[in-house]
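A.B. asks: what would the 3D arrangement of this be:
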Amino acid sequence: MTILEAIVFGVIQGATEFLPVSSSGHLALTKDILDLGEVPILFDVILHVATLAVVIVFFRSRIGAIFASIWRWASRRAGEADAPNLRLAWVIIVATVVTGVIGVLLNDLEVGSNTKIVSALFIVTAAILIGAHFLKGARDYDQIGLRDALIVGAAQGLGVLPGISRSGITISASIGAGLSRERAGEFAFLVSIPAILGALVLSLRDAEELAAVVSPLALAAGFVSALVIGLLSLMLLVRLIRGGRLFYFSFYLVPLGVVGLILL
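C.D. replies: As a prediction, the model looks like this:
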């Protein structure tokens, strides 16, 4: 893999990880178009780690508040103001477990190697975004619970399929569960943090294989490009979520899926 190809992957990852168009689906199509063959999954995960860093920076206030509440709870100094953050923390844990179970079950399907299926799933994502546009939610974190964890965790688990947007399906599921649009967007990315870290740990066994295919310089170039573009796309996404305009991306996904089904 050349440095230019790594940058292309990074730009695609940064733009599509947050925007509801499926980063894994776009990476799968890019590999097919560039005829790169099998690139170790760890490369994809490292690009995800770059965008994960964006999530942590962007939502640092909420993440810091959660850990502060957990610390006060552990030291038996938690107050009433800590209740929403503590509730949110255990919901994230339960959702992560659900995501992990579904992710393991779907991991062996190797959907990314079949561009026809990936293209069809782009259309499925478009349908999800259109459906979510008509859903209404108004709940905050003080009302979040087990039901939300199960729904969003399952949705994020399905998001491992290339072509199904993880951000799109988890935001839609959060709204469908009753969270306000602003909270749904934030929650969707908070639950992504442990999921991406888990994927990184599980894929570390590919480190030696990755070194044989991707140079350290190319890897760094991909990481930085994903980081920069990811920050810009997340800023855009937050605005679109608040305005209820995520369904706009269906006008891109449907033609993309149709073209992929016909030509690839």
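A.B. asks: hey, let's count contacts and neighbours off CA atoms from now on
C.D. replies: Noted.
A.B. asks: which SSE is the closest residue to G103 other than its chain neighbours in?
C.D. replies: The shortest distance from G103 to any non-neighbouring residue, by Cα to Cα, 6 or more residues apart in numbering, is to G157 (5.0 Å). Assigned by DSSP states H and E, G157 belongs to helix 146-158.
A.B. asks: same check, this time on S174
C.D. replies: helix 166-176.
A.B. asks: quick one: least confident helix or strand in this structure?
C.D. replies: helix 207-213 (a mean of 63; mean pLDDT, DSSP states H and E).
A.B. asks: poorly predicted segments of the stretch 1-150 of the chain, please.
C.D. replies: Low-confidence segments of the stretch 1-150 of the chain, defined by pLDDT under 70: 34-43, 112.
A.B. asks: hey, where'd the helices end up in it?
C.D. replies: Using DSSP state H, counting those that start in this stretch, the helices of the stretch 1-150 of the chain run over 3-18, 23-34, 41-58, 60-74, 83-107, 115-133, 146-158.
A.B. asks: what about L146, how many residues nearby?
C.D. replies: Neighbours of L146 under the rule other Cα atoms under 10 Å: 14.
A.B. asks: one more: the one 4 residues further on?
C.D. replies: Here the neighbour count serves as a burial measure; for L150 (other Cα under 10 Å) it reads 20.
A.B. asks: again, but for the one 5 residues further on
C.D. replies: Using other Cα under 10 Å, A155 is surrounded by 27 other residues.
A.B. asks: confidence score at it?
C.D. replies: pLDDT for A155: 96.
A.B. asks: so who does the residue lying closest to L4 once chain neighbours are set aside touch?
C.D. replies: Of all residues not flanking L4 in the chain, A218 sits nearest, at 7.7 Å (Cα to Cα, 6+ apart). Residues in contact with A218 (Cα atoms under 8 Å, 6 or more residues apart in numbering) are M1, T2, I3, L4, A6, I7.
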